[in-house]
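Engineer: Curious how this folds, go ahead:
(one chain, ligands or ions: 1)
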Amino acid sequence: MSEERVVDKKAGEEKMAKVVSLCKRRGFIFPSSEIYGGLRSCYDYGPLGAELKKNVMAEWWRSVVYEREDIVGIDASIMMHPRVWEASGHVAGFQDPLVDCKNCKERFRADKAPKVEKGTEVEYVEGGKRGGKKLHGKAERGYVCPVCGSADLSEERMFNLMFRTNLGPVEAADSTIYLRPETAQAMFVQFENVQSTMSMKVPFGIAQAGKSFRNEVTVEHFIFRSVEFEQMEIEFFCEPGTQGTWMDHWTSERIGWYRRYLNRKDDVRLRRHEKDELAHYADDCYDLEYFFPWGWDELEGIASRTDYDLRKHSEYSGKKLSYFDQNATDPETGKPGRRYVPYVIEPSAGATRSVLMFLCDAYDEEPATEPGGEGRVVLRLHPRLAPIKAAVFPLVKKDGLPEAARDIVKRFFRAGINARYDEQHSIGKRYRRHDEAGTPYCLTIDGQTKEDGTVTIRDRDTMKQERIRIDDAVDVVRKRLDLGA
Ligand SMILES: [Zn+2]
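Structural biologist: Predicted coordinates:
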């Protein structure tokens, strides 16, 4: 936490532009409804992006659900009873103070605006234009317009971030429901059902991944902050008093998870919240941050939320949400068995943000290795995250090579490994295309294949090629996919 890394703003913007351009060019991410001019802050995952996002979420699920005995997963409805959001505080508290700049007409979040000492004399240009009349004002509010620096601002107004709609055909007041702004609440609401049907014993957790929606005022940095996004959240229930131990467990577990897949392990860090930063119900909280091209920014929050959420839902629903530990002793009566409301640790990760992080981390440009040669763009995605694991090429489109290549692709599919047949353009161009797609292994069928039943396998990162037997191809790739996982 001591080291301060300096952001090169211009280099960061260039890097982002390159990542965005690659995403478009290679079918990772497109603007939503692009032929209609796009829709602000909405994105579509193309063929490779859909695979990448699925792989990121599958790796998370594998590490928190399959590889642990103490966590089970659920998949809840996006729409929930409106009382859920009253209990969670979202209806009342999930709001941003908004301000309009009277000078340049920008609408922005007051809490995110550049801060200045109250009463500071500020100078800005009329209309927020590049050249023009200089105006002066006093920053009475303690902040200025983020675009033009003006202190001539409207009043702050509250704005609910939840998307509202109606359940049923009639728009009546009591039919108002919301699209969930987070996946967390269903895990509290279903605490009892999950605990009893699966006979879970505290400490245990519930995991869920899926879409959430926030009508954000400020959308920025491509898919980093968008109104529709995906989350990967865990509610880990533990005995009151043990939350510190579990906080240690989860912070190290989660940062370890990111590092397993990143090329630059030091680009993630944990930042502990100061006491005055904590929400009133939380007794500890960490931000897990990544060094994005624009600087450190949040990937995941890990909060120790005490028994706040279960208590709130008990209060609003009238259903008691608690846990009975048969093996404990009641501290008051001294009798066997103890009932209590569990505390919770909540590791709440952004899946969409993780996708952007892995793209930024993987993007690399390599200069030509020999004079007169061509450089390349290569996406050094961890093999387990790569959309396509193996590309199979026939060297030429004749002599039975395409058939042999297609046969290998089929073998990969039967083994559950995503492979792709590709015969278009020269072999060099095919390698470059798959370097940009992040495909870790390319197999080429050539004249020798027919003679001795071998193919070449090329490694994306080292560009080294070796010959392996066709019959070993699936096993070789499968083994390499497990490397480092
Ligand atoms: Zn302004």
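Engineer: C-alpha only now, for contacts and for neighbours.
Structural biologist: OK.
Engineer: could you pull out the strands for the stretch 101-250 of the chain?
Structural biologist: Here the stretch 101-250 of the chain has its strands, by DSSP state E, counting those that start in this stretch, at 107-109, 120-125, 134-139, 157-160, 164-166, 176-178, 204-213, 228-238.
Engineer: With mean pLDDT added, can I get those in JSON lines?
Structural biologist: Formatted as JSON lines, the strands of the stretch 101-250 of the chain follow (pLDDT from 0 to 100):
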{"stretch": "strand 107-109", "mean pLDDT": "84"}
{"stretch": "strand 120-125", "mean pLDDT": "92"}
{"stretch": "strand 134-139", "mean pLDDT": "92"}
{"stretch": "strand 157-160", "mean pLDDT": "80"}
{"stretch": "strand 164-166", "mean pLDDT": "90"}
{"stretch": "strand 176-178", "mean pLDDT": "91"}
{"stretch": "strand 204-213", "mean pLDDT": "98"}
{"stretch": "strand 228-238", "mean pLDDT": "98"}
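Engineer: Same list as before, those that is, but in CSV and with mean neighbour count and distance to Asp266 included.
Structural biologist: Output for those, formatted as CSV (neighbours: other CA atoms under 10 Å; distance: least, CA to CA, whole Å):
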stretch, mean neighbour count, distance to Asp266
strand 107-109, 19, 31
strand 120-125, 16, 39
strand 134-139, 16, 39
strand 157-160, 15, 37
strand 164-166, 13, 40
strand 176-178, 18, 39
strand 204-213, 22, 26
strand 228-238, 23, 22
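Engineer: Same list (those) but as JSON lines, adding distance to Arg26.
Structural biologist: Output for the strands of the stretch 101-250 of the chain, formatted as JSON lines (distance: least, CA to CA, whole Å):
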{"stretch": "strand 107-109", "distance to Arg26": "34"}
{"stretch": "strand 120-125", "distance to Arg26": "42"}
{"stretch": "strand 134-139", "distance to Arg26": "46"}
{"stretch": "strand 157-160", "distance to Arg26": "37"}
{"stretch": "strand 164-166", "distance to Arg26": "35"}
{"stretch": "strand 176-178", "distance to Arg26": "35"}
{"stretch": "strand 204-213", "distance to Arg26": "24"}
{"stretch": "strand 228-238", "distance to Arg26": "21"}
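Engineer: out of the ones you listed, which comes closest to Val6?
Structural biologist: strand 107-109 (25.4 Å; CA to CA).
Engineer: and the closest one, what does it pack onto?
Structural biologist: Under the contact criterion of 3 or more CA pairs under 8 Å, 6 or more residues apart in numbering; DSSP states H and E, strand 107-109 touches strand 95-100.
Engineer: do the strand it packs on and the ion meet at all?
Structural biologist: No. Shown here: strand 95-100 not in contact with the ion (CA under 5 Å from the ion), separated by at least 7.9 Å.
Engineer: Distance from the chain centre to that strand, please.
Structural biologist: 26 Å (CA atoms, centre = their mean, to the nearest Å).
Engineer: Tell me where the model's unsure across the stretch 251-400 of the chain.
Structural biologist: Within the stretch 251-400 of the chain, no range satisfies pLDDT under 70.
Engineer: so who does the spatially most central residue of the chain touch?
Structural biologist: The centroid of the chain falls nearest to Ala351 when counting by CA atoms, centre = their mean (2.4 Å). Ala351 makes contact with Lys53, Val56, Met57, Phe229, Glu230, Gln231, Met232 under the criterion CA atoms under 8 Å, 6 or more residues apart in numbering.
Engineer: change it to 6 Å
Structural biologist: Glu230, Gln231, Met232 (CA atoms under 6 Å, 6 or more residues apart in numbering).
Engineer: how about JSON lines for the strands of the stretch 101-250 of the chain, with distance to the ion added?
Structural biologist: Shown next, in JSON lines, are the strands of the stretch 101-250 of the chain (distance: least, CA to the ion, whole Å):
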{"stretch": "strand 107-109", "distance to the ion": "8"}
{"stretch": "strand 120-125", "distance to the ion": "9"}
{"stretch": "strand 134-139", "distance to the ion": "12"}
{"stretch": "strand 157-160", "distance to the ion": "17"}
{"stretch": "strand 164-166", "distance to the ion": "29"}
{"stretch": "strand 176-178", "distance to the ion": "32"}
{"stretch": "strand 204-213", "distance to the ion": "28"}
{"stretch": "strand 228-238", "distance to the ion": "27"}
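Engineer: Which one of those strands lies nearest to Asp284?
Structural biologist: strand 228-238 (14.4 Å).
Engineer: Using PDB, list the CA coordinates for that closest one.
Structural biologist: Output in PDB follows, covering the C-alpha atoms of strand 228-238 (Å, rounded to 0.1, in the frame of the first residue of the first chain):
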ATOM      1  CA  GLU A 228     -26.000  -3.300 -17.100                       C
ATOM      2  CA  PHE A 229     -23.200  -5.500 -15.700                       C
ATOM      3  CA  GLU A 230     -22.400  -8.800 -14.200                       C
ATOM      4  CA  GLN A 231     -21.400  -9.600 -10.700                       C
ATOM      5  CA  MET A 232     -19.900 -12.600  -8.800                       C
ATOM      6  CA  GLU A 233     -20.800 -12.400  -5.200                       C
ATOM      7  CA  ILE A 234     -20.500 -14.500  -2.100                       C
ATOM      8  CA  GLU A 235     -22.200 -14.200   1.300                       C
ATOM      9  CA  PHE A 236     -20.100 -16.100   3.700                       C
ATOM     10  CA  PHE A 237     -22.000 -16.700   7.000                       C
ATOM     11  CA  CYS A 238     -19.900 -17.200  10.200                       C
END
